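Peer 1: Predicted coordinates and the sequence they were generated for:
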Amino acid sequence: MSTTQAQAAPVATTVDARGQSCPGPLVTLFQAMKGSQPGELFELLATDPGSRSDVPSWAAISGNELVESGSDEHGFRYLVRKA
Amino acid sequence: MTTMPDETAELRTLIDSALAEREHQSGLNTKNKITIIAWDGHLDRVWPTMILSTTAAASGMEVSVFFTFWGLFALVKPDKRITGKDWMTKMLSVMNPGSTSKAKLSRYNFAGMGPWMLGKLAKDYKTPHPTELLELAQGMGVRLIPCQMTMDLMGLTKEDLIEGLEEPIGAATALLEMKESAIQLFI
């Protein structure tokens, strides 16, 4: 996994949605983000191949920032900053 | 024909400006909101309705789902065996058992074998069942709105329906919900 941790803010929460399929990962992420502060970083782990297009789409609709995305043999990893 | 490129470019500009104008206008008139008219009560229709509702809510959209006709039966409490006020509406409820847990498939129902198999597949692939999604949706602030006229027609009372629903509304209010939404769907 190519991780370029350029951001100063540490990851606040890791959301493990591996094994879940649509709409699981995004709903789980949403619930984890509830009550958090703008600017907080969230790491989303998923195995759903649909998340490759769904997470960027979700970011576009919701206004949250998709900081980075990557994958390795264990699945997909997304870094999201709350707007 | 040397004039062709010019004409094409002119047409392109015209189309682009018309598109830009439309985008500008629609941006003014619509909220970041989706309104779904849930007309069909079949499992394979209620399911995508609930997937879209929860995903939209997770994306920060306002979500209203208006349950009308057969769709309203999805909101009946699972333990309600018979609803209705006379023999006709009672018979209707026997033929059309309420709640998402008893919803039939629009095809390949095979006397309940189809929904059971789909439920098992969903469990194996960790896709939440509509019953679970309905609960999730309520927790996420999705507004579930029963149709007043369907309630009257089918003899359904507020006590027959699950908790946490909005006040029943009519067609005009449903239209208003749709009018202010960026997305409207009839499922």
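Peer 2: Right, received. Where do you want to start?
Peer 1: any idea of the pLDDT on residue B:73?
Peer 2: Here the pLDDT value assigned to residue B:73 is 95.
Peer 1: what about it, neighbour count?
Peer 2: 28 (other C-beta atoms under 10 Å in any protein chain shown). The way it works is simple: take the backbone N, C-alpha and C, and place the C-beta from them, glycine included.
Peer 1: same thing with residue A:44?
Peer 2: By other C-beta under 10 Å, neighbour count at residue A:44 equals 26.
Peer 1: Can you tell me how far it is from residue A:34?
Peer 2: 14 Å (C-beta to C-beta, to the nearest Å).
Peer 1: before we move on, could you check phi and psi at residue A:43?
Peer 2: phi -110, psi 120 (degrees, to the nearest 10).
Peer 1: Pull the contacting residues for it.
Peer 2: A:11, A:13-15, A:77-80 (C-beta atoms under 8 Å, 6 or more residues apart in numbering or on different chains).
Peer 1: Name the SS class of residue B:141, please.
Peer 2: Of the three states, residue B:141 takes coil according to DSSP: H, G, I helix; E, B strand; the rest coil.
Peer 1: Spatially nearest residue to the residue in chain B that chain A sits nearest to, not counting backbone neighbours?
Peer 2: Nearest to chain A, among the residues of chain B, is residue B:58, at 3.6 Å (C-beta to the nearest C-beta). Excluding its sequence neighbours, the residue lying closest to residue B:58 (C-beta to C-beta, 6 or more residues apart in numbering or on different chains) is residue A:30, at 3.6 Å.
Peer 1: And residue A:69, by the same measure?
Peer 2: Leaving aside its chain neighbours, residue A:69 sits nearest to residue A:78 (4.8 Å; criterion: C-beta to C-beta, 6+ apart).
Peer 1: For the one you found, what is the enclosing helix or strand?
Peer 2: strand A:75-81 (DSSP states H and E).
Peer 1: Same question for residue A:28.
Peer 2: Per DSSP H and E: helix A:24-33 holds residue A:28.
Peer 1: Name the residues that touch that helix?
Peer 2: With C-beta under 8 Å, 6+ apart, helix A:24-33 has contacts from A:13, A:15, A:17, A:20, A:40, A:42, A:44, A:46, A:48, A:51, A:54-55, A:58, A:64, A:80, A:82, B:54-55, B:57-59, B:126-128, B:136, B:140.
Peer 1: Filter the residues you listed down to the ones in strands?
Peer 2: A:13, A:15, A:17, A:42, A:44, A:46, A:80 (DSSP state E).
Peer 1: so the last one makes contact with residue A:66?
Peer 2: It stands for residue A:80. Yes - using C-beta atoms under 8 Å, residue A:80 is in contact with residue A:66, at 5.9 Å.
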